[in-house]
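**Q** Take this sequence and fold it.
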Amino acid sequence: MQQNQQRMNIWDVNWFLDEKQCPCDVHFLEYLEQGKITGASIFHFGTGGHHVVGIRTAENGSGNAVLGITASPQEYNDYVKLVIERPEVGRTYKAFFGDIYQLDARLLPPFDFVTLFHTGEFRTEKNDEYGALTDLEVAELLLAKLRPEGRLLFFSGSFAYDKAEAVAANLVNRGLIESEPDYKTLRIYRKR
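**A** Purely as a prediction, here's the structure:
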């Protein structure tokens, strides 16, 4: 019997908070806090080893709940350590390890906000080997899970922003989302 040689495409680094290089998570938190957003459900693509979105929403009294995904084993291990040491954070912040390009809509609840800050950064031909979704298909799947008037957010400072911009333009042209005013480095769209 021949063994399958396909392996999941992972992110083999642990991203620590570097606001100068990648401020999207901090800008998102500021956006939520300035908008006085409370009780929202959030899907967050790319937790980072810092897990700042989940930690801060657990600490700031907003009542927001975050479901994060990471394809970095190190970042997931940091999440496990975090909730062991600080179980109160785990009440409203859950992170799971996986390839976002393998999402299954049946496993996801409805969301008020979906952050796709890292769209296009990780998708390669390695994902094709196991039939993974495309960037557009991921956005469509998550948009279907977004509540009416929910927000879809992209990060204009991403090195792959041209890919994210193409995804957003496709959804805008099809009348599925409409642009809202930007917040710092964040491109914000409302579900129609």
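
**Q** Burial check on the residue nearest to G157 when sequence neighbours are not counted, number of neighbours?
**A** Distances taken as C-beta to C-beta, 6 or more residues apart in numbering put T185 closest to G157, at 4.7 Å, once the chain neighbours are dropped. No exception for glycine: its C-beta is placed from N, CA and C like everyone else's. The local packing of T185 (other C-beta atoms under 10 Å) involves 18 other residues.

**Q** And K36, by the same measure?
**A** K36 has 7 neighbours, counted by other C-beta under 10 Å.

**Q** how far away is it from G61?
**A** Distance check for K36 against G61: by C-beta to C-beta, to the nearest Å, it reads 11 Å.

**Q** Helices of the chain, start to end?
**A** Along the chain, counting by DSSP state H, helices occupy 24-34, 52-59, 73-85, 87-90, 125-128, 135-145, 161-173.

**Q** Mind listing residues that contact the fourth one?
**A** The set of residues that contact helix 87-90 without belonging to it, under C-beta atoms under 8 Å, 6 or more residues apart in numbering, is G54, I55, A58, E59, L82, V83.

**Q** From G157, how far out is the fifth one?
**A** So the one you mean is L82. 26 Å.

**Q** Can you read off the pLDDT for W15?
**A** W15 is assigned a predicted lDDT (pLDDT) of 65.

**Q** hang on, I meant D18
**A** On the pLDDT scale, D18 gets 74.

**Q** any idea how far it lies from C24?
**A** 11 Å.

**Q** now E30
**A** Going from E30 to C24 by C-beta to C-beta gives 11 Å.

**Q** Show me which of those two is the more surrounded one.
**A** C24 (23 against 15).

**Q** I'd assumed G157 was in contact with the more buried one.
**A** Yes. Judged on C-beta atoms under 8 Å, C24 makes contact with G157 at a distance of 6.8 Å.

**Q** which residues are common contacts for the two?
**A** With C-beta under 8 Å, 6+ apart as the test, C24 and G157 both reach T185.

**Q** What strands line up against the longest strand anywhere in the chain, and which way round?
**A** Determined from DSSP state E, the single longest strand within the chain is strand 146-155. According to DSSP bridges, strand 146-155 has the following sheet partners: strand 111-115 (parallel), strand 186-191 (antiparallel).

**Q** Relative to F117, which of the helices of the chain is closest?
**A** helix 24-34 (4.4 Å; C-beta to C-beta).

**Q** about what we covered before: ranking the helices of the chain by mean pLDDT, which is last?
**A** helix 125-128 (a mean of 87).

**Q** Just give me how far it sits from the chain centre.
**A** 20 Å (C-alpha atoms, centre = their mean, to the nearest Å).

**Q** quick revisit: of the helices of the chain, which is nearest H44?
**A** Closest among those, using C-beta to C-beta: helix 52-59, at 5.2 Å.

**Q** how much does the closest one deviate in direction from helix 73-85?
**A** Helix 52-59 and helix 73-85 are oriented at 10 degrees to each other (axes from the mean of the first three to the mean of the last three C-alpha atoms, to 10 degrees).
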